[in-house]
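S.K.: only geometry, no sequence info:
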C-alpha cells in the first residue's frame, strides 16, 4: 500500500527535509527529479549516467539542505548542485583533459532561416556532439547564464580561456548548422 502524498509548499518540504523526514524528501525529489535529470543530461549526454548523477545530486541536496538560505529559488540551488556534481564527474573521468585547439570563431553569420527551420531537439543533439569541455562551457554560459568569470572558477580555467572555449563551441555549432541547412536545400531540390 502506498502512502498518500500530500501537496506541501517548498518551505514545508525544506523544513521536513531538514528534519530528515522521508515524506518531505520524497516530495522534493518527485517535484524536481525530471528537470534535474535533464540538467545532468546536458552535461554528460548519457541517459543512465544522467539519472545516476541526479540521484547523487539529490543525496547532496538532502545532506546539505540546511545550507539553503532562501536566497534565490530552491530549484536554482538544486540545479547548481546538479551542475557541480556533473562537472566533478567529468573531471574525475578525465573527459576534458585532452588538449583542445583554440581557434577563435570567425564571425560567420548563420542565416536566420536556418535556425528557424531547426527543431529544439536537433539543436540539443548538435550541442551534445561538442567535446565535453566545450559543451560544459556552452551550457554554463548560454543555457544556464553563468558569466565567464564564474565559469572559470567552476572549471578551474582563466576567464579568457572560458571565452575562447565558448567561441570555439559556437564555431563548431555554426558548422553543424550550416551543414544542416545545405543538406535541407539539397533534399528540397531533389524532392
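M.R.: Perfect, I can see it now. Source: prediction; values computed, not measured.

S.K.: So which bits of stretch 157-168 are buried?
M.R.: Buried residues in stretch 157-168, counted by 16 or more other C-beta atoms under 10 Å: 157, 161-168. Every residue, glycine included, has its C-beta placed from N, CA and C.

S.K.: same thing with stretch 124-138?
M.R.: So for stretch 124-138, counting by 16+ other C-beta under 10 Å, buried means 126-127, 130, 132-138.

S.K.: Just the ones of the buried residues of stretch 157-168 in strands?
M.R.: Among these, no member is found in strands (DSSP state E).

S.K.: Out of these, which sit inside helices?
M.R.: Per DSSP state H, helices hold the following members of the buried residues of stretch 157-168: 161-168.

S.K.: Pick out the least confidently modelled helix or strand of the chain, by mean pLDDT.
M.R.: Across the helices and strands of the chain, mean pLDDT, DSSP states H and E gives its lowest value to helix 112-117, namely a mean of 53.

S.K.: which secondary structure elements does the next helix or strand after that one contact?
M.R.: Next along the chain after helix 112-117, taking DSSP states H and E as the criterion, comes helix 120-128. Using 3 or more C-beta pairs under 8 Å, 6 or more residues apart in numbering; DSSP states H and E as the contact test, the elements touching helix 120-128 are helix 22-44, helix 132-138, helix 159-190.

S.K.: any idea how far helix 120-128 is from the chain center?
M.R.: The chain centre lies 12 Å from the centre of helix 120-128; the measure is C-alpha atoms, centre = their mean, to the nearest Å.

S.K.: before we move on, what about stretch 153-166?
M.R.: With C-alpha atoms, centre = their mean, you get 16 Å for stretch 153-166.
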